[in-house]
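*Asks:* build me a model from this:
(one chain, ligands or ions: 2)
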Amino acid sequence: MRQRVLSGMRPSGKLHLGHYLGVLVNWKKLQEDNDCFFFVADWHALTTEYERTGIIRESIDDMVIDWLAAGIDPKKATLFIQSRVPQHAELHLLLSMITPLPWLERNPTYKEQLREQTTRDLHTYGFLGYPVLQAADILMYDAALVPVGIDQVPHLELAREIARRFDFLYKEVFTIPQAYLTETPKIMGTDNRKMSKTYGNAILLSDTAEEVWAKVKPMVTDPARVRRSDPGNPEICNVFAYHRIFSDRETIEKVNVGCRTAGIGCIECKKWMYEHMEKVLAPVRERRNQILESRVSVRDILEEGTERARAIAEKKMKEVRDAVRI
Ligand code: TRP
Ligand code: SF4
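*Replies:* Ligands and ions are numbered 1, 2, ... in the order given. Next up is the predicted model:
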């Protein structure tokens, strides 16, 4: 059965393998037999980037080209920009009227971000309301399934509670959405910290094969393997973790044994891993080149998707305004 699927991504520049494995693979699968809406959450980016807004607009094209390169197909899914569908802001406002403050203040993701993001002041009205805006995104399209990472589950729960409260106070107009979680391999950065462009430890979908190898080659391995003749422990080696994601069973076993017995060298091991990783990256790179050569206009794709989204959003807002009697 076809279902409405909706998900958004904040524009933060070029995407890396973490985005690919964690999000894009899922989107791609879902677009095959569902009505998918994937959007650029630029207003959400603004909640944290309000002091350097330039990077938001600059990031949109890069990010959406990465979506297309990864196989997201604008003929199958509707791709749009949140801020170009102002109905999201209107719904956000109406939902904010009925959302009890404690629901927002006790949100674990909110509390964690306030603690961790010390470089910017997030004690703003907009940031507290982040999940209300997200609820508006979701409820606007009657999305049944929302593919998100596990960290977004509290936001999804809030969206459900807000929808129920609205339906109870006024009229049943919203579909209660469900988080769609899938097991995705967790990939660390090449330095074994969280993969992030700002740490410089990310393998980008737009990296050339040479650039990828230049990042793989110096990866830290088991520090006990100083010399080629020293046996290693693959369990503590990030390269082995990558093998587990990209390589076939046979290679993994060969590495497991070879490492422990000093039968293989680290460079050789990295080369094998790199070759398997390239099986994922090369088709993405090829599609990117096709897209660039064919002069497909990302602007046009987003324009078309945004039109479609806007029509659905306006229809929903008519129902919503009616229900609120405003
Ligand atoms: N908060 C999401 C994230 O950081 C992005 C997002 C915004 C979103 N609106 C959404 C995801 C609606 C799913 C549905 O990843
Ligand atoms: Fe890591 Fe492979 Fe070297 Fe073992 S042989 S330490 S798994 S890179």
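
*Asks:* state the number of residues packed around residue 10.
*Replies:* 18 (other CB atoms under 10 Å). Bear in mind the C-beta positions are built from the backbone N, C-alpha and C, glycine included.

*Asks:* right, and it touches residue 44 too?
*Replies:* Yes. Look at residue 10 against residue 44 with CB atoms under 8 Å: they come within range, at 5.1 Å.

*Asks:* per-domain residue ranges of this structure.
*Replies:* Listed by automatic domain parsing, the domain ranges of the chain are 4-187+297-324, 207-289.

*Asks:* pLDDT on the first one, on average?
*Replies:* For domain 4-187+297-324, mean pLDDT is 96.

*Asks:* touching ligand 1 at all, that domain?
*Replies:* Yes. On the criterion CB under 6 Å from any ligand atom, domain 4-187+297-324 is in touch with ligand 1 at 6, 7, 8, 10, 41, 44, 134, 137, 138, 146, 148, 152.

*Asks:* okay if I get those residues as CSV plus distance to residue 64 and secondary structure?
*Replies:* Below are the residues of domain 4-187+297-324 next to ligand 1 laid out as CSV (distance: CB to CB, whole Å; DSSP: H, G, I helix; E, B strand; the rest coil):
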residue, distance to residue 64, secondary structure
6, 16, strand
7, 14, strand
8, 12, strand
10, 13, coil
41, 12, coil
44, 16, helix
134, 20, helix
137, 17, helix
138, 20, helix
146, 20, strand
148, 19, coil
152, 20, helix
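
*Asks:* kindly indicate the member of the residues you listed with the most neighbours.
*Replies:* residue 138 (29 neighbours).

*Asks:* for residue 68, see how far away that one is.
*Replies:* 23 Å (CB to CB, to the nearest Å).

*Asks:* closest to residue 174 out of the residues of domain 4-187+297-324 next to ligand 1?
*Replies:* Among those, residue 138 lies closest to residue 174 (CB to CB), at 9.0 Å.

*Asks:* surely that closest one and residue 177 touch.
*Replies:* Yes. Counting by CB under 8 Å, residue 138 touches residue 177, with 5.0 Å between them.

*Asks:* shared neighbours, these two?
*Replies:* Contact criterion CB atoms under 8 Å, 6 or more residues apart in numbering; residues shared by residue 138 and residue 177: 6, 146, 156, 159.

*Asks:* not counting sequence-adjacent ones, nearest residue to the closest residue to ligand 1 within the chain?
*Replies:* The chain approaches ligand 1 most closely through residue 8 (3.4 Å), counting by CB to the nearest ligand atom. Residue nearest to residue 8 in three dimensions, not counting chain neighbours: residue 41, with 3.9 Å by CB to CB, 6 or more residues apart in numbering.

*Asks:* quick check, that neighbour in contact with residue 12.
*Replies:* No. Residue 41 sits out of contact with residue 12 when judged by CB under 8 Å, with a separation of 10.1 Å.

*Asks:* ok, now which ones touch residue 229?
*Replies:* Residue 229 is in contact with residue 262, counting by CB under 8 Å, 6+ apart.

*Asks:* ok, now how distant is it from residue 196?
*Replies:* 36 Å.

*Asks:* cool, residue 94 as well?
*Replies:* Distance, residue 94 to residue 196, by CB to CB: 35 Å.

*Asks:* residue 209 too?
*Replies:* Here residue 209 is placed at a distance of 22 Å from residue 196 (CB to CB).

*Asks:* which residues in the stretch 51-200 of the chain form strands?
*Replies:* According to DSSP state E, counting those that start in this stretch, the stretch 51-200 of the chain carries its strands in the segments 77-81, 145-147, 178-180.

*Asks:* got JSON lines for those strands, with distance to residue 220 too?
*Replies:* Putting the strands of the stretch 51-200 of the chain into JSON lines (distance: least, CB to CB, whole Å) gives the following:
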{"stretch": "strand 77-81", "distance to residue 220": "38"}
{"stretch": "strand 145-147", "distance to residue 220": "32"}
{"stretch": "strand 178-180", "distance to residue 220": "35"}
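
*Asks:* now stretch 244-259: buried residues?
*Replies:* Residues 245, 246, 247, 251, 252, 254, 255, 258, 259 are the ones in stretch 244-259 that count as buried (16 or more other CB atoms under 10 Å).
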